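Novice: any chance you could fold what I've pasted below:
(4 chains)
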Number of protein chains: 4
Amino acid sequence: MAQMSIEAMEVFLAEHFPQGKDYGRVESIGHHSAMLRLNPADAHLRPGGTVSGPAMMALADVAMYVALLGEIGPVPLAVTTNLNINFLQRPAPDMDLLAEAKLLKLGKRLAVGEVTIYSEGEEMPVAHVTCTYSIPPGDSRPND
Amino acid sequence: MAQMSIEAMEVFLAEHFPQGKDYGRVESIGHHSAMLRLNPADAHLRPGGTVSGPAMMALADVAMYVALLGEIGPVPLAVTTNLNINFLQRPAPDMDLLAEAKLLKLGKRLAVGEVTIYSEGEEMPVAHVTCTYSIPPGDSRPND
Amino acid sequence: MAQMSIEAMEVFLAEHFPQGKDYGRVESIGHHSAMLRLNPADAHLRPGGTVSGPAMMALADVAMYVALLGEIGPVPLAVTTNLNINFLQRPAPDMDLLAEAKLLKLGKRLAVGEVTIYSEGEEMPVAHVTCTYSIPPGDSRPND
Amino acid sequence: MAQMSIEAMEVFLAEHFPQGKDYGRVESIGHHSAMLRLNPADAHLRPGGTVSGPAMMALADVAMYVALLGEIGPVPLAVTTNLNINFLQRPAPDMDLLAEAKLLKLGKRLAVGEVTIYSEGEEMPVAHVTCTYSIPPGDSRPND
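Specialist: Predicted coordinates:
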């Protein structure tokens, strides 16, 4: 079971990451996973109407954060230590983006996950991300 | 359909990548995918009997190469341009490693894929890799 | 000599990347290099007053773009294919960030660079980025 | 001052990483840095006489390990958690490779560095690597 509901997650994000609402909205939180949706606004677009790279990186970072907090509960000091993104194709213009985050490892000190970003309704991803979060000490999870 | 059989792939690898047999053997070639198996020998091990990081990086690189060539046929000049690996947990000692490679993008000039490495029989991966290959001009695949 | 002045670069960025001004301003363009400055506004900050990870990723991406265009001139279709960032320490609160971009390779089809981000006046970097851009065909640079 | 001499480092590597001698020899250990040299043997080469990608990944991993142990002393349980490599150009055939490792961060739990690999005597690098090591608890270094 996820440690936080979508509503609790959005309250937490609004407090600790006030710009987070510009990065996407929480669509679901599952076992070691989360999905975010980005309904692009002007600030996310490049000329031609496709979502910019920085908007996708922010979306992925928050998606991974939500998947992690869904497992360990609200830990504001968890911080990204590494993020690697491959941009695969241009997103379809005027389409929502969906970011599926999945934890690959949940250790005591480090969590690693991957995030796949799709234009809604398309089969092939537009970007793929791997991401590491460092978790502050003081928890009781399994050893790394 | 894969463009190359396992047998053709092994002949090709033996010619163009003579050390490749130390990196793992081709287990299967599928649609945009391949699986390799590494039966560890002394040269792959660290003290304690677990497979070394460099051995896993080599295994992943070759697995991605096989998945790519399985789609585009024998193109010796395809070269790795980027490889990113996250080591997730120590491999189980004395177990084979399986590397599952999957193409995320197959463009005219660039192919991107991910490789997940498992200790055989274990559920959680020991390493996750993303990898980009540059494909030389002169082909007739879709534009990037 | 750089192919574009700071003024020409800012006009180009304003046209092709309208949100770019939120990502930092061009401080200098040199041989295979560029420096950008980010004077943080509320949109860049996390609670506590340090610059957010997504703001640093965007800053690095634009810094690399400026270093590249400084060499090859205004090529709007150059696109990021890979970006890898390591977050090293929290930025100092209320300080400008400086992003130093340096090209490691400038090929016909691919350019690779690194970007180091500092809090102004500090010695140790807050983040380090490597980044690959794909350059569209039709140019006359050396082969990759 | 480095915590370990070249001789002590080679004894340590021979014990804890027996294949390490195939990955390169320690040329120097400095402040937050190290240099390794790889004199290519058949096992490192691809047809055409250039060093293979896996051989360069192994060289970079060991170079970063040496730079780290040079600062913190012999800690056998330090393990690579992430390695990202960009291959920039083919190495010159029949030339030694030099790998310059530099620590970008040395925290209590994580160390991050970059490694630049050159063909000896050439100006432009053949590969660039960033690498993160996880350091086991029980030490007295500054907080991450």
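Novice: would you say A:Ala63 is within a helix?
Specialist: Yes: secondary structure of A:Ala63 (DSSP: H, G, I helix; E, B strand; the rest coil): part of a helix.
Novice: and it, what does it touch?
Specialist: A:Ala63 makes contact with A:24, A:34-36, A:99-101, A:115 under the criterion Cβ atoms under 8 Å, 6 or more residues apart in numbering or on different chains. Just so you know, the C-beta spots here come from the backbone N, C-alpha and C atoms, and that holds for glycine as well.
Novice: of all those residues, which comes closest to D:Pro137?
Specialist: Closest approach to D:Pro137 among these (Cβ to Cβ): A:Ala101, at 28.1 Å.
Novice: does the closest one count as helix, strand or coil?
Specialist: At A:Ala101 the chain is in strand, as set by three-state DSSP.
Novice: and what of A:Leu59?
Specialist: Three-state call for A:Leu59 (three-state DSSP): helix.
Novice: and it, what's its pLDDT?
Specialist: pLDDT recorded at A:Leu59 is 95.
Novice: correct me, but it touches A:Asn39?
Specialist: No: assessed by Cβ atoms under 8 Å, A:Leu59 is found out of contact with A:Asn39, at 11.1 Å.
Novice: neighbour count winner among those two?
Specialist: Between A:Leu59 and A:Asn39, counted using other Cβ atoms under 10 Å in any protein chain shown, the more crowded position is A:Leu59 (27 against 11).
Novice: related to what we said a few turns ago, okay, the contacts of A:Ala63 in CSV with pLDDT, distance to B:Ala2 and neighbour count next?
Specialist: Formatted as CSV, the contacts of A:Ala63 follow (pLDDT from 0 to 100; distance: Cβ to Cβ, whole Å; neighbours: other Cβ atoms under 10 Å in any protein chain shown):
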residue, pLDDT, distance to B:Ala2, neighbour count
A:Gly24, 88, 37, 28
A:Ala34, 98, 35, 29
A:Met35, 98, 32, 20
A:Leu36, 97, 35, 27
A:Ala99, 98, 31, 29
A:Glu100, 98, 27, 20
A:Ala101, 98, 31, 29
A:Val115, 98, 29, 29
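Novice: now for the residues you listed: which two are most distant?
Specialist: It's A:Gly24 and A:Glu100 that sit farthest apart of the contacts of A:Ala63, by Cβ to Cβ, at 11.8 Å.
Novice: that older thread, make JSON lines out of the contacts of A:Ala63 and add distance to D:Ser119.
Specialist: Below are the contacts of A:Ala63 laid out as JSON lines (distance: Cβ to Cβ, whole Å):
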{"residue": "A:Gly24", "distance to D:Ser119": "45"}
{"residue": "A:Ala34", "distance to D:Ser119": "45"}
{"residue": "A:Met35", "distance to D:Ser119": "46"}
{"residue": "A:Leu36", "distance to D:Ser119": "45"}
{"residue": "A:Ala99", "distance to D:Ser119": "41"}
{"residue": "A:Glu100", "distance to D:Ser119": "42"}
{"residue": "A:Ala101", "distance to D:Ser119": "40"}
{"residue": "A:Val115", "distance to D:Ser119": "37"}
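Novice: now, which of the residues you listed sits nearest chain B?
Specialist: The closest of the contacts of A:Ala63 to chain B turns out to be A:Val115 (Cβ to the nearest Cβ; 11.7 Å).
Novice: any idea what that closest one is bridged to?
Specialist: Beta-bridge partners for A:Val115, by DSSP bridges, are A:Ala101, A:Val129.
Novice: and it, what does it touch?
Specialist: Going by Cβ under 8 Å, 6+ apart, A:Val115 touches A:60, A:63-64, A:99-102, A:128-131.
Novice: nearest to B:Thr81, of these?
Specialist: Closest to B:Thr81, out of all of the contacts of A:Val115 and judged by Cβ to Cβ, is A:His128, at 15.5 Å.
Novice: quick one: the closest residue to A:Pro54 other than its chain neighbours from A:Met57, how far?
Specialist: Distances taken as Cβ to Cβ, 6 or more residues apart in numbering or on different chains place C:Ala58 nearest to A:Pro54, at 3.6 Å, with adjacent residues excluded. From C:Ala58 across to A:Met57, the span is 7 Å (Cβ to Cβ, to the nearest Å).
Novice: okay, these two: which has more neighbours?
Specialist: Neighbour count, other Cβ under 10 Å: between C:Ala58 and A:Met57, A:Met57 has more, with 29 against 24.
Novice: how near is the residue nearest to the more buried one when sequence neighbours are not counted to D:Asp61?
Specialist: Spatially, and ignoring its direct neighbours in sequence, A:Met57 is nearest to C:Met57 (4.5 Å; Cβ to Cβ, 6+ apart). C:Met57 sits 25 Å away from D:Asp61, taking Cβ to Cβ as the criterion.
Novice: distance check, the residue nearest to A:Ile6 when sequence neighbours are not counted against B:Leu69.
Specialist: In space, and not counting its chain neighbours, A:Ile6 is closest to A:Val26: 5.0 Å by Cβ to Cβ, 6+ apart. Applying Cβ to Cβ, the value for A:Val26 to B:Leu69 is 40 Å.
Novice: over to A:Ala111?
Specialist: Relative to B:Leu69, and taking Cβ to Cβ, A:Ala111 is found at 34 Å.
Novice: same question, A:Arg46
Specialist: In terms of Cβ to Cβ, A:Arg46 sits 34 Å off from B:Leu69.
Novice: looking at those two, which is more packed in?
Specialist: With neighbours defined as other Cβ under 10 Å, A:Arg46 and B:Leu69 compare such that B:Leu69 has more, 24 against 21.
Novice: how close does the residue nearest to A:Pro76 when sequence neighbours are not counted sit to A:Leu68?
Specialist: Leaving aside its chain neighbours, A:Pro76 sits nearest to A:His16 (4.9 Å; criterion: Cβ to Cβ, 6+ apart). Computed as Cβ to Cβ, the A:His16 to A:Leu68 distance reads 13 Å.
Novice: more neighbours: the two, which one.
Specialist: Neighbours per residue (other Cβ under 10 Å) separate A:His16 from A:Leu68, with A:Leu68 holding more: 24 against 17.
Novice: tell me the bridge partners for A:Ala111.
Specialist: Counting by DSSP bridges, A:Ala111 forms beta bridges with A:Leu106, A:Tyr133.
Novice: alongside chain C, which residues does chain A contribute?
Specialist: A:15-19, A:23, A:43, A:46-47, A:52-54, A:57-58, A:61, A:76, A:79-87 (Cβ under 8 Å from any Cβ of the partner chain).
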